[in-house]
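> coordinates only, sequence not included:
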């Protein structure tokens with residue numbers, strides 16, 4: 001799986017009732033992250049390797065490795081498509 005990093009210049013964010021609200025300042029597009037999505041986002045602060053993030057999630061949640069990889073990859077694609085993250 002690829003490496004992913006946040007594009008801090010592309011968004012503003014705030015915590016609101018256990019969710020992270022991210023807004024693209026140029027387009028107004030936003031994401032509301034909670035649960036596993038928020039866990040993945042926070043893990044990106046220290047770990048760009050999606051395989052390692054998935055391994056960490058498997059240690060916390062009852063999820064099959066293939067399902068975890070597919071779900072993490074899909075989530076990463078949404079972040080990249082929205083401009084909040086990029087592959088490197």
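In hand now; what should we look at? Small disclaimer: the values here were computed from a predicted structure and weren't measured.
> just how off-centre is the lowest-mean-pLDDT helix or strand in the chain within its chain?
Least confident helix or strand, the chain: strand 30-33 with a mean of 91, by mean pLDDT, DSSP states H and E. Relative to the chain's own centre, strand 30-33 is displaced by 10 Å; criterion: Cα atoms, centre = their mean, to the nearest Å.
> Which secondary structure elements does it sit against?
strand 19-23, helix 65-82 (3 or more Cβ pairs under 8 Å, 6 or more residues apart in numbering; DSSP states H and E). (C-beta placed from N, C-alpha, C; glycine too.)
> Check which element follows the last one along the chain.
When you say that, I think you mean helix 65-82. Next along the chain after helix 65-82, taking DSSP states H and E as the criterion, comes strand 85-87.
> packing partners for that following strand?
Here strand 85-87 touches strand 4-6, helix 65-82, going by 3+ Cβ pairs under 8 Å, 6+ apart.
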